[in-house]
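[1] Just a sequence and a predicted model for now, questions to come.
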Amino acid sequence: MDQTLPDDAWKDSFDRLLDPLPNLRELNLIKKNVRKSFNMDSSVENSNPNILSVDDCSFPNARNNLTNAGDKLSVINKFGNSISTPFAKRFPDNLFDCALSPIGGMKLDGYLPKDNHKPDLGKLGQPRKSKQVYFRVNTISPETSIDSSSMSQSVPTLNAHQISRRQARSSLVLLPGKWRKSLRIWCRTNHNEISGRTSPKQCLKPRDVKSDDLRVVRRNSRKSQYINRISEHDFQINFEKEVLKYCGQSKPIKFSAAYAAAKMLNTCKIGEGVYGEVFKYTPKNKMVSSVVLKVLPIEGSSLVNEEAQKTFEQILPEIIISKEMSALRTNQTTSTSGFVDLYNVNLVKGKYPKHLIRHWEDYDKEKDSENDNPTMFSDNQLFIVLELKFAGTDMSSFAFQNAEQGYFAMLQVTFTLAVGEEAFQFEHRDLHWGNILIEKTMKKFIDFKLGGKQISVATKGIQTTIIDYTLSRVTVAECCHYNDLSQDDDLFAATGDYQYDIYRMMRDELKNNWSAYSPKTNVQWLSYVNSKLIDGVKYNSINTMAHKTYLRKLKAFNNIVLNFNSAGECGQYLYNMN
Ligand SMILES: Nc1ncnc2c1ncn2[C@@H]1O[C@H](COP(=O)(O)OP(=O)(O)OP(=O)(O)O)[C@@H](O)[C@H]1O
């Protein structure tokens, strides 16, 4: 017996509402400036509709062929203000391959027609279920695999488990910023519902590693790939030795001795990531005023904060990238001080120092930590400790004076990325506003060396610093270091902010080949940063001329930013526009 539903079974009342659109259009009854109806979810709400149009996957050739700004703007005008058309209607065959969230239906969950709020009856006279929006995933197990063709042609028969997993996936709405943390919370609340597990901590235990859980463990898939490799066998790298080399050590040093309370004044915990704890202190006998410690457990078999610990192999690229980007501040030809200043890296071993645990607990009392208490670590635990310069408050909590200050922050971040591109084919790939730090400065200008020229950018009283290279990509000494996100389904299924569109846009740009170099991903993040400066960050004085003038400039840039191909190009444009 044929159990598939009829072709139009997926249509709900909203779809039927839109069906007469072509007729209305023929009668010229639709106004041209109707807001796009797919711009409903918060992740797209924050997006610029013009951006959506010009980068839209329906016009790949048009986009590639746009060579001058005039052409580009005419396309923006043509499609950016076009008649409201739901996403699914425009790309019926390819909906799930598109960078932007197929979210039109999500807000319609539970939607009932207006007439007396009676349930909408399907063809079979059964109440229609609320609409499910499926995200196509690179599935690992056969259990999860349903190819896109089967999705577009007929609704596959799903078992209850598959349906509940998909419903949960469609609600993967994360908070802006630190997505790993947010994803973990989502996982705790949803994964248990889906799989019937009861304890949050059971969520990703190694013994559970099978099917979809594998993708979480694989999330750490940091890779280093040599270009012009002579033969596989010539590169049997001993990653532990490499890490020690970068640390300038021959063996690990004792944690409690290297970071004894007696050497550290005014210590406190200032932040946390899923992979590590972040402390700040004033060194007793050194000239620098404050140092930040990023403490990352490695090589252990226990899960920390529900994630597998990184290996020497996986941590090495982060160390290399941190060192190289930091060293750009003294480079003769291509330089910037916009990447966080790395003072030192240490490989340490042993029990967590007691005073750091005390500071961890103080933070926990005050801010309710999401992380596991470091008392969990054994005497044999290894840690990488990055000693960084304190670089201020992250952009999500910083209060800018006005949009002029915001504009110059944008210029600094853009030129910092541009220098990274020129020096190391650098792509940050996770430049959300939690990874841009801002502090006040007395300096009037910040200098960059780029393309053989010196560029001075006014500070307007603030200095920006880029941190966190967990997802970054570089080419250093003929080796490309990158994080293979191709299996990271959850990240690409997330919504909740324009940030989550950027991961999908990057995946499309890179065609899911994460070793490839495409500075366009930096542009995509710049479009996100720019949008946050328009309607995300705090401004102290918004009624000034300076604020209004620079807000206009940011908005003008928002309309065209995605037409550029690199941060270098963006920097040139912004600099001239100023
Ligand atoms: N140099 C610094 N100066 C000031 N604050 C910092 C510095 N480095 C990190 N922080 C603070 O610590 C937090 C966590 O740091 P970071 O993002 O590097 O951790 P992570 O473990 O890589 O995070 P994720 O979970 O995103 O992978 C940051 O959001 C920031 O608030």
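    Right, received. Where do you want to start?

[2] Enumerate every residue touching the one residue in the stretch 201-350 of the chain that gets nearest to the ligand.
    The ligand sits closest to residue 273 of the stretch 201-350 of the chain, with a gap of 1.8 Å, by Cβ to the nearest ligand atom. C-beta here means a position set from N, CA and C on the backbone, and glycine is covered the same way. Residue 273 makes contact with 178, 180, 181, 294, 468, 470, according to Cβ atoms under 8 Å, 6 or more residues apart in numbering.

[3] ok, now with 10 Å
    Shown in contact with residue 273 (Cβ atoms under 10 Å, 6 or more residues apart in numbering): 178, 180-181, 294, 296, 305, 370-371, 434-435, 467-468, 470.

[4] Check what pLDDT it gets.
    Note on residue 273: pLDDT of 87.

[5] Quick one: neighbours of residue 440, just the number.
    12 (other Cβ atoms under 10 Å).

[6] partners of it in the sheet?
    Going by DSSP bridges, residue 440 is paired in beta bridges with residue 462.

[7] Please shift the residue numbers so they start at 46 in all later answers.
    Noted, 46 is the first residue going forward, which turns the last one into residue 485.

[8] That one contacts residue 508, doesn't it?
    Yes. With contacts counted by Cβ atoms under 10 Å, residue 485 reaches residue 508, the gap being 7.8 Å.

[9] Domain parsing of the protein, as residue ranges.
    52-178, 224-265, 282-435, 438-518+562-623 (automatic domain parsing).

[10] picking that back up, identify the contacts common to residue 485 and residue 508.
    Listed as contacting both residue 485 and residue 508 by Cβ under 10 Å, 6+ apart are residue 437.

[11] what about residue 415, is that helix, strand or coil?
    coil (DSSP: H, G, I helix; E, B strand; the rest coil).

[12] Quick check: it touching residue 223?
    Yes. Residue 415 lies in contact with residue 223 (Cβ under 10 Å); the separation is 9.4 Å.

[13] can you list residues touching both of those two?
    Any residue near both residue 415 and residue 223 by Cβ under 10 Å, 6+ apart counts here, and that gives 229, 317, 318, 319.

[14] what residue ranges in this structure score low on pLDDT?
    Applying pLDDT under 70 to the chain flags the ranges 46-216, 235-265, 271-281.

[15] got the residues of it near the ligand?
    223, 225, 315-316, 318-321, 323, 337, 339, 385, 433-436, 439, 479-480, 482, 512-513, 515 (Cβ under 6 Å from any ligand atom).

[16] Tell me which of those residues fall in helices.
    Within these, residues falling in helices by DSSP state H are residue 225.

[17] Just the buried residues of the residues of the chain next to the ligand.
    With neighbours counted by 16 or more other Cβ atoms under 10 Å, those contain buried members at 223, 225, 315-316, 318-321, 323, 337, 339, 385, 433-436, 439, 479-480, 482, 512-513, 515.

[18] Those in strands, which ones?
    Among these, the members falling in strands (DSSP state E) are 315, 316, 323, 337, 339, 433, 434, 439, 482.

[19] Report how many residues lie close to the closest residue to the first one other than its chain neighbours.
    This points to residue 315. Among residues not flanking residue 315 along the chain, residue 325 sits closest, at 4.7 Å (Cβ to Cβ, 6 or more residues apart in numbering). Number of residues near residue 325 (other Cβ under 10 Å) recorded here: 18.

[20] for residue 579, same thing?
    So residue 579, with other Cβ under 10 Å, has 17 neighbours.

[21] That one touches residue 445, doesn't it?
    No. Using Cβ under 10 Å, residue 579 makes no contact with residue 445, being 11.8 Å away.

[22] Next, find the distance separating residue 519 from the ligand.
    16 Å (Cβ to the nearest ligand atom, to the nearest Å).

[23] Which helix or strand contains that residue?
    Per DSSP states H and E, residue 519 falls inside strand 519-521.

[24] what does the helix or strand following that strand contact?
    Of the helices and strands lying after strand 519-521 in sequence (DSSP H and E), the nearest is strand 524-528. Identification of contacts with strand 524-528 by Cβ under 10 Å, 6+ apart yields 264-274, 280, 282, 359, 361-366, 369, 469-470, 472, 474-475, 514-520, 555, 558-562.

[25] Now do the contacts for residue 552.
    144, 183, 530, 531, 533, 536, 537, 558, 559, 566.

[26] meant to ask about residue 298
    Going by Cβ under 10 Å, 6+ apart, residue 298 touches 292, 304, 391, 392, 393, 394, 395, 430.

[27] So which of these belong to strands?
    With DSSP E as the criterion, strands contain 391, 392, 393, 394, 430 from among these.

[28] and those residues as JSON lines, adding distance to residue 587?
    Conversion of these to JSON lines gives the following (distance: Cβ to Cβ, whole Å):
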{"residue": "391", "distance to residue 587": "45"}
{"residue": "392", "distance to residue 587": "48"}
{"residue": "393", "distance to residue 587": "47"}
{"residue": "394", "distance to residue 587": "52"}
{"residue": "430", "distance to residue 587": "42"}
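
[29] quick one on the thing from earlier: spit out the residues that contact residue 579 and residue 445 alike.
    In contact with both residue 579 and residue 445: residue 451, using Cβ under 10 Å, 6+ apart.

[30] Setting the sequence-adjacent residues aside, check what's closest to residue 388.
    Spatial nearest neighbour of residue 388, chain neighbours left out: residue 432 (4.4 Å); criterion: Cβ to Cβ, 6+ apart.

[31] so what's that neighbour up against?
    Neighbour list for residue 432: 304, 326, 328, 333, 336-339, 386-391 [criterion: Cβ under 10 Å, 6+ apart].

[32] out of these, who's nearest residue 456?
    residue 386 (19.9 Å; Cβ to Cβ).

[33] Residue 574 - that's part of a helix, no?
    Yes. Counting by three-state DSSP, residue 574 is located in a helix.

[34] got a list of what it touches?
    Contacts of residue 574 (Cβ under 10 Å, 6+ apart): 440, 451, 454-455, 458-459, 462, 476-478, 480-481, 509, 581-582, 606.
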